[in-house]
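**Q** sharing a model that was predicted from the sequence below.
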Amino acid sequence: MGTGRFCRYRIRNTLEAGSTGGVLQLVSGSDRAWATEANAAASRSAFLAEAKQQAEKQKKDDLGQGGIYLTGGYRRINSLLAAFERAGYTPAQVRDANFNFSGRADVVLETWQQVATERGYASGEATESWDMQDLGMSHDTIKAIHRVWDHFPHAVIPDNTLIRGDSEQIFSSFDGILNPERYPRGGYHNVGRTISWPGILSTTMSSPTTHNFANWKAVIWKFDVPKQDHPGRVLGSENQAEAEVTFPVSTQIKIKRVLVRNGRFARELTGEFGDKAKVIVFADILALDEFGGPPSERFPLHSIPENDPLDGAATDLVPTRGPSRGRWTSRRPPTWPSGD
């Protein structure tokens, strides 16, 4: 037992073998044996070994969140990502490992409940029970998945093409460039705009005429993907039949052109995309994101530092509505309806 300027203290001998016989020892400030060079080296070695073990455990836990996301967690996660967008946060802010919304948590929670209800992911009665702890758990899942993004298996994509289906809700996104009312005569229209995807982007290698998450949607995307360096990953093995490839928040997409099925173009490309979609989007998924690199570089595996709350909404945000799609603990998770 020693004394310091502000308190009394004890120093624990970190050597658990050798002269101590594996018994933890409490030593006083007057006992200098614990401060030898050998003890310091052993202490550092033990510290590094423990840190490595903890990092590996965290990595394993984080990777496990990918499978949870695909098997139902996407309902609350994508609702929360859309809530961040409505609250005025950009994809770049949400992807930042230091993202802290505590200054506006009440707004985010209320918006999260609204989005989940609007999209049919949960009933109004169910969302009323969601609280700050539920919100924190879901945000932790988003951070966990992105922290280990580059450790998920890299997706091998035949012909380097993917598809995705979206509902009519996306017509109001990205300044309305996908809204068929903008092109009353239908047909093909060049766009040439690069967007930053505000959520986790789910795609599939399956056919748009047979995949049940695309063949009945109002919008079908056809993505061309780089042969190398794309951020597409396989997040879990639970739904292999869906042939899903997933991309991180703020993935960069260049929309090349759109086909609006109206007028004499109403039956255009039905053999390739079916006859349900009102809009077909032809786009490129870019190799690098808006940061110029892979996501894990901004999500260090060993820690997530605190930062100051973000005050107010971002000034450069394009008004959009995000796309639709845990980190469960022993605490009760939110209740979700069955189905997608």
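**A** Sure, I can see it.

**Q** output the longest helix belonging to the chain.
**A** When the chain is parsed with DSSP state H, its longest helix is helix 37-68.

**Q** spatially nearest residue to A116 (excluding sequence neighbours)?
**A** S79 (4.1 Å; Cβ to Cβ, 6 or more residues apart in numbering). (Each C-beta comes from the backbone N, C-alpha and C, glycine too.)

**Q** and that neighbour, what's its pLDDT?
**A** Model confidence at S79, expressed as pLDDT, equals 95.

**Q** quick revisit: list the buried ones in the longest helix of the chain?
**A** N39, A42, Q58, K59, D62, L63, Q65, G66, I68 (16 or more other Cβ atoms under 10 Å).

**Q** how many neighbouring residues does N100 have?
**A** Neighbour count for N100, taken as other Cβ atoms under 10 Å: 17.

**Q** do the same with T111
**A** Neighbours of T111 (other Cβ under 10 Å): 19.

**Q** distance of it from S196?
**A** Distance check for T111 against S196: by Cβ to Cβ, to the nearest Å, it reads 20 Å.

**Q** on that earlier part again, of the buried residues of helix 37-68, which is the nearest to V148?
**A** For the buried residues of helix 37-68, the minimum distance to V148 (Cβ to Cβ) is 4.3 Å, reached by D62.

**Q** my read is that the closest one contacts R147, right?
**A** Yes: the pair D62 / R147 is scored as a contact, 5.3 Å apart, by Cβ atoms under 8 Å.

**Q** sec struct for R193, please.
**A** On the three-state scheme (DSSP: H, G, I helix; E, B strand; the rest coil), R193 is labelled strand.

**Q** OK, contacts around the most centrally placed residue in the chain?
**A** Nearest to the geometric centre of the chain sits I142, at 4.3 Å (Cα atoms, centre = their mean). I142 makes contact with I77, L80, L81, V94, I200, V249 under the criterion Cβ atoms under 8 Å, 6 or more residues apart in numbering.

**Q** quick one on the thing from earlier: the longest helix of the chain packs against which elements?
**A** Counting contacts by 3 or more Cβ pairs under 8 Å, 6 or more residues apart in numbering; DSSP states H and E, helix 37-68 is packed against helix 132-147.

**Q** so after the helix it packs on, what's the next helix or strand?
**A** strand 161-166 (DSSP states H and E).

**Q** okay, buried residues for that following strand please.
**A** L162, I163, R164, G165, D166.

**Q** equivalent analysis for stretch 164-184, please.
**A** 164-166, 169-171, 173-174, 177-180, 183.

**Q** mark which of those residues are part of strands, please.
**A** Secondary structure from DSSP state E places R164, G165, D166 of the buried residues of stretch 164-184 in strands.

**Q** what residues does the first one make contact with?
**A** Contacts for R164 were tallied using Cβ under 8 Å, 6+ apart; they are L201, S202, T203, T204, A214, I220, W221, F223.
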